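Visitor: Generate a structure from the sequence data that follows.
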Amino acid sequence: MKKILLPLLAIFILGTVSLHSEVNPRSKAFKSLLIPGWGELSMGKNSGYCFLAAEVILWASSYYFEEEIDLKDKASRNYAYKYAGVNTDIELTNDYLYNMKKYMSSGYESGGYNAKIAERAMSLYPDDPAAQTEYIETYAYSDEYAWEWESSTKKYNYTIMRKRMTQYKGYIKGITGGIVANHLFSAINTLLTANKINRLELSMRFDYDMNPTFLASYKF
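Guide: As a prediction, this is how the structure comes out:
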């Protein structure tokens, strides 16, 4: 009698043992949107490590270039103090630092920034000396902000430092786009993976002799 009851009991209790649990695609995708790879890893998918590694590399690269920008900025300022005679007591604005790349000096001699301002004033107000003077006083650098590069080579070296900063800022912009894309791609990949898992159903059944049978079904 036991030989009959035990298999019957097993059939009722273990008639169908599901090996697949429903996955919430939105919840998993949200995880990957926050931290790329998190959603995949929570479903046991090794592809999550690729997204996670990419995230680490991208952030590390961004941090590296941020540090390089700071270093180049400090180096270029110190270089200007040393080789262009810049007043160490003034604030070096971005416009000021930019103009130092373009002009050998701040003066009215050939190649100087103020000379260019005077030329522009005469071009804008050819018949109005008063307006020319006002324009020059407004936009020209005073003696307090004077600079003059020791040589064109020194000016060139300074220009390279500032150009490197611009390049690094461009790299950071590209890396930022990569970070955003990594989050989105990971979320999309997680969503597709979760939906695929939900469509695949695995189960195990027992017959009257307690022989297990594995079944797989896929919903298209």
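Visitor: Just to check, residue 178 is in contact with residue 57?
Guide: No: under the contact definition of C-beta atoms under 8 Å, residue 178 does not touch residue 57, with a separation of 9.3 Å. (Each C-beta comes from the backbone N, C-alpha and C, glycine too.)
Visitor: Which one's more surrounded, these two?
Guide: A count of neighbours by other C-beta atoms under 10 Å puts residue 178 above the other of residue 178 and residue 57, at 16 against 13.
Visitor: measure the more buried one to residue 189 for me?
Guide: When distance is defined by C-beta to C-beta, to the nearest Å, residue 178 is 16 Å away from residue 189.
Visitor: where does the chain dip in pLDDT?
Guide: Where the chain drops to pLDDT under 70, the residues are 1-23, 197-220.
Visitor: now the residue most central in space within the chain, what's its secondary structure?
Guide: Compute the mean C-alpha point of the chain, and by C-alpha atoms, centre = their mean the closest residue is residue 176, 1.7 Å away. Three-state call for residue 176 (DSSP: H, G, I helix; E, B strand; the rest coil): helix.
Visitor: Wait, it touches residue 61, no?
Guide: No: the criterion here is C-beta under 8 Å, and residue 176 misses it with residue 61 at 10.4 Å.
Visitor: Pull up the overlap in contacts between these two.
Guide: Common neighbours of residue 176 and residue 61 are not found (criterion: C-beta atoms under 8 Å, 6 or more residues apart in numbering).
Visitor: which residues does the residue nearest to the centre of the chain contact?
Guide: Residue 176 sits in contact with residue 62, where contact means C-beta under 8 Å, 6+ apart.
Visitor: What distance do you get for it to residue 82?
Guide: With distances defined as C-beta to C-beta, the gap from residue 176 to residue 82 amounts to 34 Å.
Visitor: Residue 50 now?
Guide: Relative to residue 82, and taking C-beta to C-beta, residue 50 is found at 47 Å.
Visitor: ok, now residue 162?
Guide: Relative to residue 82, residue 162 is positioned 15 Å away (criterion: C-beta to C-beta).
Visitor: So for those two, which residue has more residues nearby?
Guide: For the pair residue 162 and residue 82, the greater number of neighbours falls to residue 162 (18 against 11), based on other C-beta under 10 Å.
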